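Peer 1: what's the 3D shape of this:
(4 chains)
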4 protein chains.
Amino acid sequence: MNESAITLEALKSELDRQIEGPPFHHWLKPVARGVDAAEKSVYVAIDFRPELGHMKGSDAFHGGVIAALADITGHATVAVWQGSATPTISLQVEYLSLARGQTLLACGRLRKLGRSIGRADVELSVDGRLVALARGTFSTGRK
Amino acid sequence: MNESAITLEALKSELDRQIEGPPFHHWLKPVARGVDAAEKSVYVAIDFRPELGHMKGSDAFHGGVIAALADITGHATVAVWQGSATPTISLQVEYLSLARGQTLLACGRLRKLGRSIGRADVELSVDGRLVALARGTFSTGRK
Amino acid sequence: MNESAITLEALKSELDRQIEGPPFHHWLKPVARGVDAAEKSVYVAIDFRPELGHMKGSDAFHGGVIAALADITGHATVAVWQGSATPTISLQVEYLSLARGQTLLACGRLRKLGRSIGRADVELSVDGRLVALARGTFSTGRK
Amino acid sequence: MNESAITLEALKSELDRQIEGPPFHHWLKPVARGVDAAEKSVYVAIDFRPELGHMKGSDAFHGGVIAALADITGHATVAVWQGSATPTISLQVEYLSLARGQTLLACGRLRKLGRSIGRADVELSVDGRLVALARGTFSTGRK
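Peer 2: Purely as a prediction, here's the structure:
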């Protein structure tokens, strides 16, 4: 695949494939927000809804939701450049501060695309403020 | 707190507090399944439902759901022995195999309860088969 | 390889191969201390020497030394059951307390031996007291 | 401390303090190479010597040496901005490729400096080629 050909359409297609497929994504509703082909980065967002909250009456995203979006975005980053699904091997999430606000935006950046392993870093922010750092390892090998 | 006094009621109370509070738990429906006070371990489970699936028509739990249950169980492990909420600092999840089956059971084990940091290991299995390993660091310090 | 055939000799052979080879091991001096074939566990130790210290005049092992022994022990765990070298993909170390004492003992336990990925957990203790937890992912695939 | 006042002298002082103190650093010989106060980044390097090698006759740095430099550099990053020692809580290292070459350069970047926790990302390269990614959590709280 021509790496410079990775566009927002490719990311949408990856997430749409997921949304058609996994009902969990259908429920979580991750939205493709952008692709920077030069930086090998993708942007995926979810808007706050009460059922994503960590505490009743608070507009802060639950840590489990943040971990789930980190997984989905890391996967999408490696998968769009790989051109196929790339099962998650490991995921690490470091929480920096309470994720209070309207939109949780995840920026995934491809760090390695090897024959058996792909890596992506994911930074998660809410309304422009960094709330978590994540890093994932994904399988790019033949099954 | 007398550590040997940690019972299934304490775990239920921790998760119930969460279920009353965070709508995300209300949706995910983690259930307190047991406490081993001698081993400082807790057991939390969720049953499969289609909206937790990683792929349409498959009965395998989505990786993001596994990460979320790891976070909740690690937190509950530290929180019941700490006697208060303990915000997640870091979470690591290692995926071992496809999580296909009826019930995702997480066993959290307390590894450290310090003045500022608590640690828990979490093993996740589906119908008796290990599918993921997780480890979390939680804040036990005063805010 | 017959897994029950893994013995202390196999572990010594793995570490000896390393000691003959890597001058870093020659300097660090990891010693094979035991194998539990039923538990798929290995034991590797290093004795304190001043140049392993984290502070002048203290007998606590430096965190970098702990990380290095975690890497070596995790690798040896997967490598002896794999029957060949298995390059490290990822290593995580959680420090629990100051590692002060005579002997740093690492216990590596095999958690997965798959076609492309192997996993090992490593617990590090000093004179019987747990000081760090580690977890490693290693490549078991063909180059 | 005025953050813009962090200079190469501060980093040298941090590492020198360590070199005077910990014999492990005295042996490893990490060298302060630069500080970018605007980016909150520090650069620390070690030159290849045979006893740092992963295999006899090879000029590739051992994975344990890479982990140790990641720990030292992450710590130095947080410590120079904190103005005091900051014990390592967790360290994660992701290995990307064989670290063959003359100089292993670690770039540590401060990601958080909180009241109880500091975070640093560390990128390690050899002769300009990225070989590993690391991330560390450090204690910034009062003992």
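Peer 1: which element is residue A:76 on?
Peer 2: Taking DSSP states H and E as the criterion, residue A:76 maps to helix A:63-82.
Peer 1: and that helix, what's buried?
Peer 2: For helix A:63-82, the neighbour count (16 or more other CB atoms under 10 Å in any protein chain shown) marks A:63-82 as buried. Yep, even glycine has a C-beta here, placed from its N, CA and C like the rest.
Peer 1: that one near chain B anywhere?
Peer 2: Yes. Residues of helix A:63-82 are located near chain B by CB under 8 Å from any CB of the partner chain, namely A:63-65, A:67-72, A:75.
Peer 1: does any part of that helix sit near chain D?
Peer 2: No. Helix A:63-82 stays clear of chain D (CB under 8 Å from any CB), getting no nearer than 12.3 Å.
Peer 1: again, but for stretch A:31-50
Peer 2: No. Using CB under 8 Å from any CB, stretch A:31-50 stays clear of chain D, with a minimum separation of 13.1 Å.
Peer 1: any idea how far that stretch is from the chain center?
Peer 2: Distance of stretch A:31-50 from the chain centroid (CA atoms, centre = their mean, to the nearest Å) equals 7 Å.
Peer 1: between its first and last residues, what's the separation in it?
Peer 2: 18 Å (CA to CA, to the nearest Å).
Peer 1: what's the pLDDT at the residue of chain A positioned farthest from its centre?
Peer 2: For chain A, the largest distance from the centre (CA atoms, centre = their mean) belongs to residue A:57, which lies 26.0 Å off. Per-residue pLDDT puts residue A:57 at 80.
Peer 1: tell me the SS of it?
Peer 2: Secondary structure assignment for residue A:57 (DSSP: H, G, I helix; E, B strand; the rest coil): coil.
Peer 1: residues contacting it?
Peer 2: By CB atoms under 8 Å, 6 or more residues apart in numbering or on different chains, the contact list for residue A:57 is empty.
Peer 1: what's residue A:93 sitting at in phi/psi?
Peer 2: Dihedral pair for residue A:93: phi -130, psi 130, per degrees, to the nearest 10.
Peer 1: that one: neighbour count?
Peer 2: For residue A:93, the neighbour count with other CB atoms under 10 Å in any protein chain shown is 28.
Peer 1: pLDDT at it, what is it?
Peer 2: Looking at residue A:93, its pLDDT is 97.
Peer 1: then residue A:122?
Peer 2: Per-residue pLDDT puts residue A:122 at 98.
Peer 1: show me where chain A has helices.
Peer 2: Counting by DSSP state H, chain A has helices at residues A:8-20, A:23-28, A:63-82.
Peer 1: okay, these in CSV with distance to residue C:47 and mean pLDDT next?
Peer 2: Formatted as CSV, the helices of chain A follow (distance: least, CB to CB, whole Å; pLDDT from 0 to 100):
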stretch, distance to residue C:47, mean pLDDT
helix A:8-20, 52, 70
helix A:23-28, 50, 86
helix A:63-82, 40, 95
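Peer 1: distance to chain C for those helices - can I get that in JSON lines?
Peer 2: Converted to JSON lines, the helices of chain A look like this (distance: least, CB to the nearest CB, whole Å):
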{"stretch": "helix A:8-20", "distance to chain C": "23"}
{"stretch": "helix A:23-28", "distance to chain C": "24"}
{"stretch": "helix A:63-82", "distance to chain C": "14"}
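Peer 1: out of the ones you listed, nearest to residue D:93?
Peer 2: When the helices of chain A are compared by CB to CB, helix A:63-82 sits nearest residue D:93, at 17.6 Å.
Peer 1: got the contact list for the spatially most central residue of chain A?
Peer 2: With distances taken as CA atoms, centre = their mean, residue A:73 lies nearest the centre of chain A, 1.3 Å away. Counting by CB under 8 Å, 6+ apart, residue A:73 touches A:30, A:42, A:44, A:106-108, A:120, A:122.
Peer 1: if you set the cut-off to 10 Å instead, what comes out?
Peer 2: By CB atoms under 10 Å, 6 or more residues apart in numbering or on different chains, residue A:73 lies in contact with A:11, A:15, A:30, A:42-45, A:105-109, A:120, A:122-124, A:134, A:136.
Peer 1: with residue A:90 instead?
Peer 2: When contacts are counted by CB under 10 Å, 6+ apart, residue A:90 touches A:74, A:117, A:119, A:135-138, B:92-95, B:132-133, C:89-90, C:92, C:117, C:119, C:135, C:137, D:92, D:94.
Peer 1: cheers, nothing more for now.
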